[in-house]
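*Asks:* Using only what follows, build the 3D model:
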Amino acid sequence: MIRKYIDLRVDPNVTRIIHEARWRVAKIDQERRAQRTARFKALKALIAVREAFRHDEQINGRWLSAQVREAN
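*Replies:* Numbering: from 1, shown residues only. Here you go, the predicted model:
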């Protein structure tokens with residue numbers, strides 16, 4: 001027998017499962033994005049600390065005597 005129509009009714013359980021799956025995927029994506037952001041900010045902080053240390057060495061290196069600079 002050939003069906004004359006397509007049944008568009010969806011079982012509520014299927015709808016709930018699809019909704020939950022989409023929610024979990026979105027949550028995982030959000031967690032990954034937060035991890036990437038945290039790594040990026042940590043890297044930027046490390047670069048800033050290195051620049052500050054390098055700058056501090058340049059500034060303070062001028063005022064140190066040659067003997068002290070060689071000892072360090």
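*Asks:* what residue is smack in the middle of the protein?
*Replies:* Nearest to the mean C-alpha position of the chain, counting by CA atoms, centre = their mean, stands Arg36 at 1.5 Å.
*Asks:* what separates it from Ala21, distance-wise?
*Replies:* When distance is defined by CB to CB, to the nearest Å, Arg36 is 23 Å away from Ala21. In short, each C-beta sits where N, CA and C put it, glycine included.
*Asks:* for the protein, what helix or strand is lowest in average pLDDT?
*Replies:* Lowest on mean pLDDT, DSSP states H and E among the helices and strands of the chain sits helix 66-71, with a mean of 68.
*Asks:* show me where this structure has helices.
*Replies:* Counting by DSSP state H, the chain has helices at residues 12-63, 66-71.
*Asks:* Considering these, which stretch scores lowest in mean pLDDT?
*Replies:* For the helices of the chain, mean pLDDT drops lowest on helix 66-71, to a mean of 68.
*Asks:* ok, Glu31 - contacts?
*Replies:* Contacts for Glu31 (CB atoms under 8 Å, 6 or more residues apart in numbering) come out as none.
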